[in-house]
Each structure stands twice: as structure tokens, then as C-alpha cells.
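**Q** Quick check, what structure comes out for this input:
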Amino acid sequence: MNEKEIFDEVLGMIRLRRHPRARRYTLRVENGQVIGTLPVRGSEREMLAFISQQRTKLQELLTRNTTRRFDEQTDWQTSTFRLRIFRCPRTDFYMTLKEGILHLACPEATDFRSESVQKVLHTMIRRALRHEALRVLPKRLAALAARHGFSYTGVTVRDMKTRWGSCSSERRISLALSLMVLPEHLIDYVLLHELCHTVEMNHSQRFWQLMDRVTDGQAQALRRELRRQSMW
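**A** This is a model prediction of the structure:
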């Protein structure tokens, strides 16, 4: 099975697969990424046209695929904190981050099945993730750049839904809040991936050789592991 990746400004990185048993063009969303399958002799131009036709539906699927629901039973560990949700005798929602635990207090009458409640919880947790991402990611990026001899012009942390990071032609790096739900070694993989793009702006053989150099030959194994992760 032959594979390649293409980048779309809206849908993020799209994986295209040529499969010997494929008889038509198909699309699906898996772990926050669009996967396109086409016949071995299929036309990539036709596949891209098909993706364009299905763009709205794919955006909806990407959003739905990454929606997580929270309640008192949630056991969720991020890179820097564990989430604890509980009811208590108060009239509003309140959160504190202390000693690696995000305490999220909810009114006694909270109905976790309510979409409005889920929206409140998501907003609060996203605020905590942003705080941690701004605290951790720029420093970690700078440390990795210094260690491996890379340079970049700036870094931003954004609430991206379809990609873990990006690097512009001006060598400005953008990182997703969702990185904070990954284990540390995968965070480093994404940061190194974007740093390598400051030298090689595509996914050529030279890019992957550079990635292997900075990951001790583990680039493809880490890439496969990241593909199994879902964005938040």
C-alpha cells in the first residue's frame, strides 16, 4: 500500500493511500485526520476534487471526532495535570490548578448530560490547557532548538483543531493547544517536526533524514504513534 501526505489549510494534514483492493475513492476521519483511499491507478487530481466536494462534511466529522464529554467519572491526564471534576455546595463553576491537579468544582444540581454544561466545562478546561501550553511549550521549543542548532523567528500557541503544529515560510512556528494532552515524547516529536521545517519546508527524503537525526532514528515510529492520538 502506497501512502503520501498533503497539507490542506482547513483540514490539516491529509493522508492519501493507494490500495490494491480499492475500486473507488473513499474518505474517512481517523484520530483527527482525514484519510483518503484511492485505487492504485486512481487519479490524485480526482481525489483532491472529491475532497473539495466533501470539505464541509469532513470539517463536521473532524469537529465531532474530537469532542470529549466530561463528568464526575472522568479520569483524564494531560501532560502537566490530572483533571478532577466534582460537585459541591456552590452556585457557580470554579477551577483551581494546584500540585498537578486541575480541580473543577460544579454546583450540586449540575446535569452533565446538558450541552450547555459541557460547553462550560470545555471552556474552562481549554483555558487551563492554554495557560499550561503558554507556560511549557515555548520554553521546550527553545530548548530543543538550542540543543539541535535550529533557529526560528517566533512561536504562537493556537487552538487548532486539525493539526498539531505548523511552520511558515518565515520560520514562524504555531503550536496547538492539543499538544498538552500528549505524552512528553510525542510533544517533543511535534516540536522537532516543526523545527525541521525551518530547514526543509516539505516532507522530502531530506526532511525525514533530518528528523531521524534529531530523534535517534525513531522518526517513523514516533510518527505512527502520533497518528493513533486524537486531538482535543
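**Q** Can you read off the pLDDT for T66?
**A** pLDDT recorded at T66 is 53.
**Q** same check, this time on I85
**A** For I85, pLDDT reads 97.
**Q** now the one 5 residues further on
**A** Looking at R90, its pLDDT stands at 85.
**Q** That one against P107, yeah?
**A** Yes: R90 is within contact range of P107, at 5.8 Å (criterion: C-beta atoms under 8 Å). For glycine as for every other residue, the C-beta is placed from the backbone atoms N, C-alpha and C.
**Q** Between these two, which has more neighbouring residues?
**A** P107 (15 against 11; other C-beta atoms under 10 Å).
**Q** Below-threshold pLDDT in the chain: ranges please.
**A** 1, 31-32, 63-67 (pLDDT under 70).
**Q** relative to its centroid, which residue of it is most remote?
**A** P89 (36.1 Å; C-alpha atoms, centre = their mean).
**Q** Now do the contacts for the residue nearest to it when sequence neighbours are not counted.
**A** Leaving aside its sequence neighbours, P89 sits nearest to E108 (C-beta to C-beta, 6 or more residues apart in numbering; 6.0 Å). For E108, the contacting residues are R87, C88, P89, R90, by C-beta atoms under 8 Å, 6 or more residues apart in numbering.
**Q** can you list these in a markdown table and add distance to L226 and secondary structure?
**A** Output for the contacts of E108, formatted as a markdown table (distance: C-beta to C-beta, whole Å; DSSP: H, G, I helix; E, B strand; the rest coil):
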| residue | distance to L226 | secondary structure |
| --- | --- | --- |
| R87 | 36 | strand |
| C88 | 38 | strand |
| P89 | 43 | coil |
| R90 | 39 | coil |
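**Q** Now do the helices in this structure.
**A** 44-53, 55-65, 115-148, 184-197, 205-214, 219-227 (DSSP state H).
**Q** Quickly note the distance from the nearest residue to Q118 once chain neighbours are set aside to F207.
**A** The spatial neighbour of Q118 that comes closest, neighbours along the chain excluded (C-beta to C-beta, 6+ apart), is R69 at 6.0 Å. Relative to F207, R69 is positioned 38 Å away (criterion: C-beta to C-beta, to the nearest Å).
**Q** Those two: which has the busier surroundings?
**A** Per other C-beta under 10 Å, whichever of R69 and F207 has more neighbours is F207, with 17 against 12.
**Q** ok, and the closest non-adjacent residue to that one?
**A** Using C-beta to C-beta, 6+ apart and skipping residues adjacent in sequence, the residue nearest F207 is E200, 3.9 Å away.
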